[in-house]
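J.: Just a sequence and a predicted model for now, questions to come.
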Amino acid sequence: MLRMLVLRDLQKKYTRFRLGYLWTLLEPLGMAVVLWLVFSVLLGARGFGLDPYPLFLAVAILPWWWFSKGIGASTRIWRKTGAQLRISTLPTQLWVVRALLVSMIEFLLSLPVILIAIAFTGFLPGPWIVLFPVGIVVQFLLMYGLALLIASGSIVFPDIGRMVRIVLRAMFYLSPILYSVSNIPAGAQFIAAFNPLVGVLGLYRIGWWPEEAIGAIGYSISLGLCLIIFVAGVLTFRRLENRILKEV
Amino acid sequence: MARIPVEPNLDAVVELAHVSMRMPRRRRRKGSGRKQRLRRFAGEVRREEIEVLSDVSFRVNPGESVAIFGSNGPGRQALLRLIAGTLRADSGEIRRREPIVPMIEVARSFERSYSMRQNIYLVGGLLGMTPDQVEEHLPIIVENAGVASSLDRYLGAAPALVRQKLAWSIAMSVNASAYAIDRTIVVGDKPFREQCWSHVQGLRESGATFIVATDAPKQLRRFCQRALVFADTQLVADSTIDEALEVLREVRQRAKELGEPGEPPA
């Protein structure tokens, strides 16, 4: 059932445009190129992020897109599902997972962008690349928790949807996407560790830039937070599930 | 919600014991969106929960056809969803012997951007069928709904009538023998309604159970033996159709005398 829903959603997305799947590659690629041009070539901001900058950008921007699309979708999950929830005894979480899986598959499909960036820069990853898949798993857990929190929260307090959009915008700049954690002043690094995305993005990047670390403590805080959010999401959702079912 | 537990050894299809339920009040849609927002800003429209069922107990035996009279919008829907297990009760206990198909505005679950075929799988899945089961029933569904020629066309373009027929055909092909039906057993135009009746009668003769919440008692006189009458969140009568109609009349009469605007036909 879930597989069907996700497949249809993807199909819907890809049949609407002529270039179909190519857009999944072109969109982040274009974004990375624009950002690279602005920050690296035009502003000439050396020492900003790590070399090679295009690859550095691509590795973080793809997961970020997945994150922002999935979380954005989770704010409007209940808008169209009311009638379906009324007649279905399937687990309510299914609708949340659906929103996340669609964006995740898009992310996985866009991974060739990283290959393109590698080919373009000729910069190969080291053995730490094994943590890349771990990053995907952790990010999914984090997003699942967050999406459950947002989805159930927006039933109690509908304005959460709007707030999430602004917070997402801020997160883009507060997370080491355009820059590296080593650009953060030493004093602020500890605070940055409380951003779960720092840990997740670290897992993605460690394959290429093992020196770009915020230290074991920073990582544990950041990744521990992912776990806490996951558990909090699951518990909150369980508490509010009947409220959601009543309200839709 | 996790899959609902069923107890095959229970001797009733569904049994409610002291069930109470509060539901959010339907917001009245008055005025434009802007006016509504203003009203909400001024604190005039507030979310509130009202009691829709209080201490309701009854059981439905296998093969029975039961009508539910008198409960208004949210109450009726809550009751049907509780019976079918798509909602949990605030308090009280509900036990069921088998899955019960919730025929509650099934047509609204369709996705406009899916083709008819995809929608059959979608709604079948929502109602608890596996894809294999849907595939098995597909020819019957298609034939019943009369959509053979447009099976792979997008549903968005289909008229409401076709959607209703399709929804009905899917719900009826679920492998179950108990149904919780909102408002009306039969849908569609006249020939289709005839078809529905004969199908439903056939099911009933083979021992299926029907629970129908309705505002049109006359339609059900020839179908249900038993009726439950609700008034003001409580179960006030459980008897034959004719007696129940009598009670319903009295209830409405009393409500009118008290100067309250009775149960509106939601």
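T.: Yes, it's here. Numbers count the residues shown, from 1 in each chain, chains lettered A, B, ... in the order given.

J.: Could you check which helix or strand contains the nearest residue to residue A:112 once chain neighbours are set aside?
T.: In space, and not counting its chain neighbours, residue A:112 is closest to residue A:25: 6.1 Å by C-beta to C-beta, 6 or more residues apart in numbering or on different chains. All C-beta atoms are positioned from the backbone trio N, CA, C, and that covers glycine. Element membership for residue A:25 (DSSP states H and E) is helix A:22-36.

J.: Skipping its backbone neighbours, what lies nearest the residue in chain A positioned nearest to chain B in space?
T.: The nearest approach of chain A to chain B comes at residue A:83, 3.6 Å away (C-beta to the nearest C-beta). Spatial nearest neighbour of residue A:83, chain neighbours left out: residue B:108 (3.6 Å); criterion: C-beta to C-beta, 6+ apart.

J.: re earlier: mind giving me the packing neighbours of the helix holding residue A:25?
T.: Other elements packing on helix A:22-36 under the criterion 3 or more C-beta pairs under 8 Å, 6 or more residues apart in numbering or on different chains; DSSP states H and E are helix A:53-74, helix A:93-109, helix A:112-121.

J.: and if we set it to 10 Å?
T.: Under the contact criterion of 3 or more C-beta pairs under 10 Å, 6 or more residues apart in numbering or on different chains; DSSP states H and E, helix A:22-36 touches helix A:2-15, helix A:53-74, helix A:93-109, helix A:112-121.

J.: Any chance of CSV for those helices, columns mean neighbour count and mean pLDDT?
T.: Formatted as CSV, the helices and strands packed on helix A:22-36 follow (neighbours: other C-beta atoms under 10 Å in any protein chain shown; pLDDT from 0 to 100):
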stretch, mean neighbour count, mean pLDDT
helix A:2-15, 16, 69
helix A:53-74, 22, 87
helix A:93-109, 20, 86
helix A:112-121, 16, 84
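
J.: Just put the ones you listed in CSV and tack on distance to residue B:244.
T.: Below are those laid out as CSV (distance: least, C-beta to C-beta, whole Å):
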stretch, distance to residue B:244
helix A:2-15, 42
helix A:53-74, 46
helix A:93-109, 39
helix A:112-121, 67
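
J.: and the helix holding residue A:25 with helix A:112-121, angle?
T.: Using axes from the mean of the first three to the mean of the last three C-alpha atoms, to 10 degrees, one finds that helix A:22-36 and helix A:112-121 are set 50 degrees apart in direction.

J.: Okay, buried residues for helix A:22-36 please.
T.: Buried residues in helix A:22-36, defined by neighbour count with 16 or more other C-beta atoms under 10 Å in any protein chain shown: A:23, A:24, A:25, A:28, A:29, A:31, A:32, A:35, A:36.

J.: Taking helix A:53-74 as reference, get the angle to that helix.
T.: Put simply, helix A:22-36 runs at 120 degrees to helix A:53-74, going by the same axes, to 10 degrees.

J.: For helix A:22-36, what is the distance to the chain centroid?
T.: Centre-to-centre, helix A:22-36 and its host chain are 16 Å apart (C-alpha atoms, centre = their mean, to the nearest Å).

J.: If you compare the directions of that helix and helix A:93-109, what angle comes out?
T.: Here helix A:22-36 runs at an angle of 70 degrees relative to helix A:93-109 (the same axes, to 10 degrees).
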